[in-house]
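Asker: Mind folding the following:
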Amino acid sequence: MGSSRGKAAEKTQVVKKKPANVENPKWNPSARVRAFLAAFKATASVTRAAKAAGIGRSAHYRLLERSPGYRAAFQEAERIAADAIEDEAVRRAMEGEERQVLYHGMPAMELVDPNDPDKGLKARVERERSDALIALLLKAKKPREYRDRVEHDVGPELAKKFDGTFEELLATYRNLISTPEKDEK
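Answerer: Got it, this is the predicted structure:
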């Protein structure tokens with residue numbers, strides 16, 4: 001008899017349900033909120049995500065203000081969306097996009113097979129890379145080498161070393177700001 005009870009106990013397993021949000025098990029979003037977050041990850045647009053999930057944009061902003069769990073989930077969705085945008089920028093910068101070549105506003109045509117003219121014509125395309133995206137990516141990835149540089153050129157009257165007292169410095173400053181420009185006379 002003890003053996004039948006043991007077999008029954010072996011067959012019965014306790015299955016624990018995993019919480020909806022591991023970081024905050026108390027936060028259990030509705031299906032619409034989950035749909036909004038998924039759509040935002042894919043589109044990086046609050047407007048498009050709200051429309052896809054069937055909620056208003058204002059609901060998203062209310063949740064951001066009121067729900068720490070939602071705020072954390074949305075920050076993660078923003079990070080994922082930003083990574084996807086960056087991946088697309090890298091792809092467009094490095095691989096480029098195919099663009100149809102136009103001649104006098106009409107598609108330029110070329111032979112499908114230059115060795116066999118009977119195969120017909122096709123629209124000519126060229127791959128266009130984005131130099132602007134490459135420059136932005138370099139500034140983001142290597143800011144020390146590719147940042148915008150600003151140089152300040154001061155006139156010789158300001159470039160002098162000052163060895164006087166604070167009162168003399170203040171008098172010199174007042175003199176500089178009160179002297180009218182030559183063009184104003």
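Asker: Now tell me which helix or strand of this structure has the poorest mean pLDDT.
Answerer: When the helices and strands of the chain are compared on mean pLDDT, DSSP states H and E, helix 2-11 comes out lowest with a mean of 49.
Asker: so after the strand or helix carrying residue 79, what's the next helix or strand?
Answerer: Under the criterion DSSP states H and E, the helix or strand holding residue 79 is helix 68-94. Later in the chain than helix 68-94, the nearest helix or strand by DSSP H and E is strand 97-100.
Asker: quick one on the thing from earlier: pLDDT on the helix holding residue 79, on average?
Answerer: Helix 68-94 shows an average pLDDT of 94 in the prediction.
Asker: now that helix, how far from the chain's geometric center?
Answerer: Relative to the chain's own centre, helix 68-94 is displaced by 6 Å; criterion: C-alpha atoms, centre = their mean, to the nearest Å.
Asker: Repeat that for stretch 76-96.
Answerer: Taking C-alpha atoms, centre = their mean, one finds the center of stretch 76-96 at 7 Å from the center of the full chain.
Asker: again, but for stretch 41-55
Answerer: The chain centroid and the centroid of stretch 41-55 are separated by 16 Å, computed with C-alpha atoms, centre = their mean.
Asker: Pull out the buried residues from that stretch.
Answerer: By 16 or more other C-beta atoms under 10 Å, the buried positions in stretch 41-55 come out as 41, 44, 46, 49-50, 52-53, 55. C-beta here means a position set from N, CA and C on the backbone, and glycine is covered the same way.
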